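Undergrad: what would the 3D arrangement of this be:
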Amino acid sequence: MTVGVVRGRRGRQRAAGAVLSTALLCVGAVACGGSDDKSDNAGESGRTQSRSQVTDVITAAYKKTSAAKSAKVKMTMSTPPGEMGKAMGGAGEMKMTGVMGWDPTVMDVTVSGSALTEGDPEAPEKVRMLWSDNVMYMDMGAKAAKDMDGKRWVKMDLNAIAKQAGDDKLAKQMTGGLDSMNQDPAQQLAMLLDSPNLKHLGSAKVDGAQTQRYKGRLTVKEMMESNDGLKDLLSKSEREQLFKNVEKSGIKGYDTEVWVNEDDYPVRMDIDIKTPEGTVKTSQTFSDYGSATKVTPPQAGDTFDMMKMFEELGKLGKGGSGGGTDSAF
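TA: Predicted structure coming up:
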């Protein structure tokens with residue numbers, strides 16, 4: 001294999017690895033969606049509501065949020081070091097701001113934070129991520145563009161990747177995964193309704209607005225049973241295996257707090273996942289429900305197709321013109 005081919009291949013491998021790790025982080029940030037500050041005035045209590053009243057409020061919030069289909073979002077997620085940090089793509093803090101929509105999934109967000117560069121100092125410090133028609137586009141920055149024909153945008157069509165692999169089951173999981181990846185506030189509220197200990201914590205102000213604060217806890221098993229998306233993606237035996245794997249990780253459950261304003265919209269949602277290595281904290285604030293979420297993909301001339309990169313690495317892995325049998329990764 002010639003020196004030029006080797007360098008080109010290494011560049012492609014480096015770019016592919018950076019893209020995949022960044023995609024994992026971005027997807028993790030979107031899918032999990034805390035800080036220790038629970039509100040501007042968390043001590044303000046007010047009259048506690050009964051369980052039936054709580055159910056009515058959260059149900060109303062679910063209906064309003066489902067109908068809105070989109071909102072502006074700001075999110076902060078912190079992940080402790082250790083195995084959990086590795087599983088999420090990197091420990092540290094992640095921030096996300098932008099607009100996201102659900103039913104169908106669409107988004108235009110910017111992800112930043114120490115978790116992006118924790119495992120790779122060459123990784124971009126921030127990534128703009130677009131999601132449209134089940135395809136993700138990521139602006140990987142000028143450094144990555146050097147290994148991608150000068151193109152800083154990467155296109156990842158996971159459906160196409162799965163189909164190219166010839167795995168119908170994987171393709172189905174990818175399709176379902178794209179639909180359920182965006183854990184929008186409506187889905188979170190629906191799962192919160194299944195919490196057996198859902199309760200009202202009183203009134204509180206969030207960004208100056210009066211809200212009512214609620215909290216519920218779901219065990220791993222309860223969460224999985226509430227998540228209809230898992231039933232579409234995985235067989236019963238696969239769900240049982242996933243449950244066992246999560247149990248082995250030491251995760252006991254999910255604590256969710258939500259602040260609902262006077263218009264029945266959730267304006268803040270915190271999710272804490274306690275692990276033996278520390279707590280994964282996610283805090284999201286929502287505003288401007290019903291905001292326009294039309295996403296315009298980058299020009300094809302500015303985009304590097306990840307599928308083509310995989311195909312190219314596969315050919316290079318066969319030794320190119322100079323022999324050799326190294327694999328692409």
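
Undergrad: I'd guessed Thr105 sits against Trp131; true?
TA: Yes: using CB atoms under 8 Å as the test, Thr105 is close enough to Trp131 to be in contact (6.0 Å). C-beta: built from backbone N, CA, C; applies to glycine.

Undergrad: out of those two, which sits in the more crowded spot?
TA: Trp131 (27 against 20; other CB atoms under 10 Å).

Undergrad: and that one, what's its pLDDT?
TA: Note on Trp131: pLDDT of 88.

Undergrad: how about Gly17?
TA: 55.

Undergrad: ok, now the one 3 residues further on?
TA: We have a pLDDT of 54 for Leu20.

Undergrad: check Asp139 too.
TA: pLDDT, Asp139: 90.

Undergrad: ok, how many other residues are close to it?
TA: So Asp139, with other CB under 10 Å, has 19 neighbours.

Undergrad: pretty sure it is touching Lys155, no?
TA: No: Asp139 is beyond contact range of Lys155, at 11.2 Å (criterion: CB under 8 Å).

Undergrad: on the three-state scheme, Thr55 is what?
TA: Under DSSP: H, G, I helix; E, B strand; the rest coil, Thr55 falls in the helix class.

Undergrad: now do the same contact list for it.
TA: By CB atoms under 8 Å, 6 or more residues apart in numbering, Thr55 lies in contact with Leu193, Leu198.

Undergrad: what do you get for the one 3 residues further on?
TA: Counting by CB under 8 Å, 6+ apart, Ile58 touches Leu189, Leu192, Leu193, Leu198, Tyr214, Val258, Val260.

Undergrad: in the sheet, who's paired with the closest residue to the fourth one other than its chain neighbours?
TA: Which is Leu198. Excluding the flanking residues, the one nearest Leu198 by CB to CB, 6 or more residues apart in numbering is Gly216, at 3.8 Å. Beta bridges link Gly216 to Thr256 when assigned by DSSP bridges.

Undergrad: wait, isn't Lys205 in contact with Thr211?
TA: Yes: using CB under 8 Å, Lys205 makes contact with Thr211 at a distance of 6.9 Å.

Undergrad: which one of these two has more residues nearby?
TA: Ranked by neighbour count (other CB under 10 Å), Lys205 and Thr211 place Thr211 first, with 23 against 15.
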